[in-house]
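A.B. asks: test case, fold it:
(2 chains)
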Amino acid sequence: MATPISETVAGDGTRPRASRIAIWLAIAAAALLVLPLVLPSYQVSIATQILIFGVLAMSIDLLAGYAGRTTLGHGAIFGASTYVAIYWTAVLGGSIWTGIVFGILAATLLAAIFAVLAIRTSGVYFLLLTLALGMIVWGLCLRWTSVTGGENGLRGIGRPDFIADHVNFYYAVLLVVAPVTWAMWRFVHSPFGLTLRGIRDSESRMRSLGYNVPLHLFIAFVASGFFAGVAGALYALFNNFVSPSTVQLSQSVAALLMAITGGVGTLLGSFVGATLIISLENAVSAFTARWPTVLGTTFILIMIFAPEGVVGRIRILLSRRRKRLSSRTLN
Amino acid sequence: MTGINLFQILNGLTFAALLFIVASGFTLVFGLLRIVNLAHGALYLIGGLAGYSVTQASGSVVLGAVAAMALVALLGAALERGLMRFVRAAELRQVLLTLGVAFVLDDLALVVWGGDTFTVPVPPVLQGAMKIGGMFYPKFRIFVLALGIVVFVALWLLLNHTRLGALIRAGVDDPEMVEASGINIRRVFLGTFMLGCALAGLGGVIGGAFLTLYPTADAEILVFSLAVVIIGGRGSLVGAAVGALLVGLLNSIGRVMFPELAYFVIFGPMALLLAFRPLGLFGKAA
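C.D. replies: Got it, this is the predicted structure:
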């Protein structure tokens, strides 16, 4: 039995037409391209951060929204990629590009290990297990001082010259995030993604229809880990520093909160969630150091009042209006 | 030295006793209320810090422990009555809500007590060492071991030989039937929740005396408790005891043999176990 966070996911009948999607996509693309030209450089780096964490949140949504498996271990998978990329360049003196490749590989491998252990469980057990696995990675990064530098962390060697500038780096990240987002969109809307949704809604029915449920979940988890790894490698370039706080629980929690705030099962809602949460973090940090309190309170409020998230809520409202309209025309 | 001797085994056993005290509260709440209280680690930390402050002010550790348990039980009651009622019957929303609470409580502890490391003072009676099997071992740790056994026996008696225990067990199996026979099951639930939280507070005071308390102590004890409950199975007292023994001993052996990877050593057996019994050693399907 898979337990989604909110039961109210709009059905497929309410999906807007392709032409309208294309128009919205064009507007979004134009906005993203123009953004760094109008924003001051600090805000550009926040926008970059939003893009990176949007990918991480989407990777969580891929599991939580489409396979019905809410994970709290993705901060660790994300951070493993960051650690490996920085370790490769700063300690072993390798090139940044191979570092990125190894980072993503490490994250994918870690996700495969997590997946083997976790896919047999669902609901709260899955959540607890991924949480415990993520914490083990955190404990390892904290204690394995000779490799990870312990609490002091590891400092990177900086970005290559051509993307050292904030605006250039923003475009570079956008250049990666756009195709990755497209790939994830295709992934969840493929027949494979439909099968995942079937598993989310009724595992036993999918099993009796002859689907190999564990294999589907395994592939979904590994794919999700790959995307989290991409985000983690980008973060290595963005932050140029990694410490246990990169893999700690609050990373997983913040990313999950982004996915939930945007709307679980909406994929692109993750960017809305990332924008809201990261803007909130920046706004709050200007006034107080109590960000964990704000993060926790936001989580509590969202769980009580809006578990379906912003995009999810808009979808529900739209589908209600559409139903009202259609019932009116019927009468 | 061969690596593992009586000293390490005793260390493992005493750590297991502490883990049992903390994890038994967690598993009790998990088993009966189906609530995974991820604020349990934060309650442990707050309980320990409050116990420290009261002990410093009054000079009595017993008073400190009682105050810690009372405070944490009240926090638990506020959580159960004030917040959980909005998300009843939605398992995942409950878990994530308690996670939010954990963040708020942690930050609160940081505001009130700061980021320093605190050690709850051990009462004079329990200071010093005693001779066991030809070696000296701290009295306080032996006391913790004894306390762990006492808590196990007390909880076992409570669950199996009292009316309240019968109500709790009945509530686990069929809350509607208990309700229908004229029992206010919500009050039983609240009481159990407070008891579970109080155990976290007690654990905090004891842990504060031999592991010390610092800002990430809550996360560490939470992941140990999770490992205990995942191994033992939810809601099972015996499971919690066996899980605590396994995790405690493995942890202390791991610390000696692979100092940097000690955290990793509890992971192997947990993984192996899950491959064969996804619900833990003593877990039953819901």
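A.B. asks: give me the below-cutoff pLDDT ranges for the stretch 1-150 of chain A.
C.D. replies: A:1-17 (pLDDT under 70).
A.B. asks: and it, which residues reach chain B?
C.D. replies: A:3-6, A:70, A:72, A:117, A:120-121, A:123-125, A:127-129, A:131-133, A:135-136, A:138-140, A:143-146 (CB under 8 Å from any CB of the partner chain). The way it works is simple: take the backbone N, C-alpha and C, and place the C-beta from them, glycine included.
A.B. asks: what number of residues lie near the nearest residue to B:Cys197 once chain neighbours are set aside?
C.D. replies: Spatial nearest neighbour of B:Cys197, chain neighbours left out: B:Gly76 (3.0 Å); criterion: CB to CB, 6 or more residues apart in numbering or on different chains. B:Gly76 has 26 neighbours, counted by other CB atoms under 10 Å in any protein chain shown.
A.B. asks: surely B:Gly76 and B:Met194 touch.
C.D. replies: Yes: assessed by CB atoms under 8 Å, B:Gly76 is found in contact with B:Met194 at 5.0 Å.
A.B. asks: before we move on, the earlier item: show me what contacts the residue nearest to B:Cys197?
C.D. replies: Each residue near B:Gly76 by CB atoms under 8 Å, 6 or more residues apart in numbering or on different chains is listed here: B:43, B:193-194, B:196-198.
A.B. asks: quick check, nearest of those residues to B:Ala68?
C.D. replies: Closest approach to B:Ala68 among these (CB to CB): B:Ala198, at 8.5 Å.
A.B. asks: check which helix or strand the closest one maps to.
C.D. replies: Using DSSP states H and E, B:Ala198 sits in helix B:185-210.
A.B. asks: and the next element down the chain from that helix?
C.D. replies: helix B:217-232.
A.B. asks: immediately after that following helix, which helix or strand?
C.D. replies: Sequence-wise, the next helix or strand downstream of helix B:217-232 (DSSP H and E) is helix B:237-257.
A.B. asks: all strands of chain A, in order?
C.D. replies: Using DSSP state E, the strands of chain A run over A:154-155, A:241-242.
A.B. asks: got a list of what residue 43 touches?
C.D. replies: The chain I'm using is chain A. Per CB under 8 Å, 6+ apart, neighbours of A:Gln43: none.
A.B. asks: try again with chain B
C.D. replies: Neighbouring residues of B:Leu43 by CB under 8 Å, 6+ apart: B:37, B:72, B:75-76, B:105, B:197, B:200-201, B:204.
A.B. asks: so how far is B:Phe189 from it?
C.D. replies: Distance, B:Leu43 to B:Phe189, by CB to CB, to the nearest Å: 17 Å.
A.B. asks: likewise for A:Arg197?
C.D. replies: A:Arg197 is 35 Å from B:Phe189, by CB to CB.
A.B. asks: same check, this time on B:Val111
C.D. replies: Applying CB to CB, the value for B:Val111 to B:Phe189 is 31 Å.
A.B. asks: next: B:Val61.
C.D. replies: According to CB to CB, B:Val61 and B:Phe189 sit 31 Å apart.
A.B. asks: what's the neighbour count on the residue lying closest to A:Ala47 once chain neighbours are set aside?
C.D. replies: Of all residues not flanking A:Ala47 in the chain, A:Leu35 sits nearest, at 5.8 Å (CB to CB, 6+ apart). Using other CB under 10 Å, A:Leu35 has 16 neighbouring residues.
A.B. asks: show me what contacts A:Leu35?
C.D. replies: Residues near A:Leu35 by CB under 8 Å, 6+ apart: A:44, A:47, A:170.
A.B. asks: most neighbours out of those, which is it?
C.D. replies: A:Tyr170 (24 neighbours).
A.B. asks: that older thread, just the buried residues of the helix holding B:Ala198, please?
C.D. replies: B:185, B:188-210 (16 or more other CB atoms under 10 Å in any protein chain shown).
A.B. asks: residues contacting stretch A:295-308, please?
C.D. replies: Stretch A:295-308 is contacted by residues A:5-6, A:8-9, A:250, A:253-254, A:257, A:260-261, A:263-264, A:277, A:280-281, A:309, A:313, A:316, B:83, B:86-87, B:90, B:93, B:96-97, B:99-105, B:107 when judged by CB under 8 Å, 6+ apart.
A.B. asks: show me what contacts B:Leu96?
C.D. replies: Applying CB under 8 Å, 6+ apart to B:Leu96 gives the contacts A:5, A:70, A:256, A:260, A:299, A:303.
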